[in-house]
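1. Only the shape, not the letters, is given here:
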């Protein structure tokens, strides 16, 4: 192929222009770059909220390319077929992309790379979604880490690549292919009436992500350690939304955290550790992809979880109507904002899997439909950790008491009041918004009485411990 032929820059979950190894490498060649996003079956299969949020991110990336005299080409269909068609239309001689690590994507990309190279097309994949490629982090015996603390002790000593600048110039092609319209994809259709409300809470795109990081480092990291577990305050970075779609890179977050630690800001070390938890999730997904579908600990396969997602207990949990305030408030926060506080995620997961004895996959699949910051590795690891069947898991005998947890982390009940309207004379806007986003078929109204607990904290703990003790762990 000609050294001046265009390069297709295949964007996926890397919707940014700065610190983008594939995009940077393409720009350095001086060859014309044709940015491309493909709505393939994997993207179409995303849950309602992640797919809606993906659409917002794609639109923002398209806008960010315009000052570079460039444009984002949108195509739908099988990824290999689309790439070959656009190559034929443009005479492109190369395709660059950022690596992803879930087994389905790895299998797809491996086949595409081989097929393109067989046709004489340069095909290159690059890092950027993670700080450390999963296969490069090894134990002293050349194995993989199953526990976070030794993983952390290893990676915290490593050098993390310095973030790359946004390319200053892009060579444009004189042969732009046609593009589909983003609106025709209707990526937010499954959100129905909830799209506008959830969208108002999203902070979309690369610029917003960096503003979020800067604000956190300036105002939030000092008190991060003491405030990150309190759901009623804005004590976390909120960057999971942007990291999930690559609107900011983990390298950029890491180096900001390092600077904060160098400046002596107290919460910086814990912030870095949270970034490492994300890496650990991908490390586990790479080495044990079964974490996405089955109990990571095989001895849990016979555990008597309820597997019916329409069981009354599971339905009450999904609706945020369990009668347990911490659980219900967190679920309603997710419906209104598309995100959930990390302490809330632990509590709702523990309550579903331990008090209600429902399978963790019910919760994992539900989160995959409802979270705008959905991430395959972190979602699977988090649910298996909470259920007790995963790597580095919460011990089976540790059953969070959602009532005392609320007493500890929401003493004045400001978080519960913000999200639960029932029983309040003048409910706040966010509590009422829940009734505007949930499906009408649920038939819910703020005038409904707040339900009694479907399973009390004490009852659920006793039942869970009885079930655990009857198993051979």
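-> Thanks, I have the structure now. Bear in mind the structure is a predicted one, so any value in this text is a computation, not a measurement.
2. check which helix or strand covers the closest residue to residue 119 other than its chain neighbours.
-> Nearest residue to residue 119, sequence neighbours excluded (CB to CB, 6 or more residues apart in numbering): residue 84, at 7.7 Å. C-beta coordinates here come from the backbone N, C-alpha and C atoms, glycine included. Assigned by DSSP states H and E, residue 84 belongs to helix 79-90.
3. State the mean pLDDT of stretch 292-308.
-> Per-region confidence: stretch 292-308 scores 93 on mean pLDDT.
4. Residues contacting that stretch, please?
-> Defining contact as CB atoms under 8 Å, 6 or more residues apart in numbering, one finds that stretch 292-308 is touched by 102-103, 284-285, 288, 290, 313-314, 353, 356-362, 376, 380, 384, 387-391, 393, 467, 471-473.
5. Okay, strands next: where are they in the chain?
-> 7-11, 33-39, 73-76, 94-98, 122-126 (DSSP state E).
6. so what pLDDT did residue 394 get?
-> 64.
7. thinking again about what came up before, ok, now how distant is the residue nearest to residue 119 from residue 98?
-> Going from residue 84 to residue 98 by CB to CB, to the nearest Å gives 20 Å.
8. Those two: which has the busier surroundings?
-> Neighbour count, other CB atoms under 10 Å: between residue 84 and residue 98, residue 98 has more, with 23 against 17.
9. how about the more buried one, what does it touch?
-> 12-14, 20-22, 125-129, 246.
10. got those as a markdown table, with distance to residue 189 columns?
-> A markdown table is the format used below for the contacts of residue 98 (distance: CB to CB, whole Å):
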| residue | distance to residue 189 |
| --- | --- |
| 12 | 21 |
| 13 | 21 |
| 14 | 24 |
| 20 | 29 |
| 21 | 34 |
| 22 | 30 |
| 125 | 31 |
| 126 | 32 |
| 127 | 33 |
| 128 | 30 |
| 129 | 27 |
| 246 | 24 |
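11. Filter those residues down to the buried ones.
-> Those of the contacts of residue 98 that meet the buried threshold are 12-14, 20-22, 125-129, 246, by 16 or more other CB atoms under 10 Å.
12. Tell me which of these fall in helices.
-> The helices, defined by DSSP state H, take in 21-22 from these.
13. Going by distance to residue 92, which of the buried ones among the contacts of residue 98 wins?
-> Of all these, residue 92 sits closest to residue 22, with 14.4 Å by CB to CB.
14. From residue 126, how far out is that closest one?
-> On the measure of CB to CB, residue 22 and residue 126 end up 4 Å apart.
15. Find residues that contact each of these two.
-> 96-98.
16. wait, which of those residues is closest to residue 185?
-> Among these, and counting by CB to CB, the member closest to residue 185 is residue 97, at 19.9 Å.
17. Spatially, which residue comes closest to the closest one, not counting chain neighbours?
-> Closest to residue 97 by CB to CB, 6+ apart is residue 10, at 4.1 Å.
18. and the strands of the chain, which is most packed in?
-> strand 7-11 (a mean of 26; mean count of other CB atoms under 10 Å).
19. Give me the contact list for that strand.
-> Contacts for strand 7-11 (CB under 8 Å, 6+ apart): 22-23, 26, 29, 31-38, 61, 72, 83, 86-87, 90, 92-97.
20. Give me the neighbour count for the closest residue in space to residue 391 that isn't next to it in sequence.
-> In space, and not counting its chain neighbours, residue 391 is closest to residue 146: 4.9 Å by CB to CB, 6+ apart. Applying other CB under 10 Å, we find 17 residues neighbouring residue 146.
21. need the contact list for residue 146.
-> If you count contacts by CB under 8 Å, 6+ apart, then residue 146 has 284, 391-392 around it.
22. Neighbour count and distance to residue 251 for those - can I get that in JSON lines?
-> Output for those, formatted as JSON lines (neighbours: other CB atoms under 10 Å; distance: CB to CB, whole Å):
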{"residue": "284", "neighbour count": "27", "distance to residue 251": "21"}
{"residue": "391", "neighbour count": "21", "distance to residue 251": "25"}
{"residue": "392", "neighbour count": "18", "distance to residue 251": "24"}
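23. hang on, the earlier thing: what's the closest of the contacts of residue 98 to residue 216?
-> Using CB to CB, these come closest to residue 216 at residue 246, 18.2 Å.
24. The closest one and residue 16, how far apart?
-> Taking CB to CB, one finds residue 246 at 6 Å from residue 16.
25. Bridge partners for residue 8, pull those for me.
-> In this structure, residue 8 bridges to residue 34, residue 95 when assessed by DSSP bridges.
26. How much space separates it from residue 182?
-> 19 Å.
27. for residue 199, same thing?
-> In this view, residue 199 and residue 182 are 14 Å apart by CB to CB.
28. Now find how far off-centre stretch 429-447 is within its chain.
-> Its chain's average C-alpha position is 25 Å from that of stretch 429-447, according to CA atoms, centre = their mean, to the nearest Å.
29. Share the number of residues neighbouring residue 44, please.
-> Residue 44 has 11 neighbouring residues, counting by other CB under 10 Å.
30. tally of neighbours for the residue nearest to residue 242 when sequence neighbours are not counted?
-> Leaving out its chain neighbours, the residue that sits closest to residue 242 by CB to CB, 6+ apart is residue 209, at 3.7 Å. Residue 209 sits with 27 neighbouring residues when counted by other CB under 10 Å.
31. Please parse the protein into its domains.
-> What automatic domain parsing lists as the domains of the chain is 1-128, 130-164+195-287, 298-469.
32. Which of the ones you listed sits closest to residue 176?
-> domain 1-128 (6.6 Å).
33. how far out from the middle of the chain is the closest one?
-> Relative to its chain's centre, domain 1-128 lies at 20 Å (CA atoms, centre = their mean).
34. average model confidence for that domain?
-> For domain 1-128, the per-residue pLDDT averages 96.
35. Next: stretch 195-203.
-> On average, stretch 195-203 scores 97.
36. tell me the contacts of the nearest residue to residue 161 once chain neighbours are set aside?
-> Leaving aside its sequence neighbours, residue 161 sits nearest to residue 251 (CB to CB, 6+ apart; 5.6 Å). Residue 251 makes contact with 19, 128, 131, 160-163 under the criterion CB under 8 Å, 6+ apart.
37. which of these sit farthest apart?
-> Most distant of the contacts of residue 251, by CB to CB, are 128 and 162, 13.1 Å apart.
38. who are the neighbours in contact with residue 180?
-> 39, 74-76.
39. 10 Å - rerun?
-> Taking CB atoms under 10 Å, 6 or more residues apart in numbering, we find residue 180 in contact with 37, 39, 73-77.
40. any idea how far it is from residue 211?
-> Distance from residue 180 to residue 211, by CB to CB: 30 Å.
41. and if you look at residue 34?
-> Distance from residue 34 to residue 211, by CB to CB: 29 Å.
42. and what of residue 419?
-> According to CB to CB, residue 419 stands 26 Å off from residue 211.
43. the more surrounded of those two?
-> residue 419 (27 against 12).
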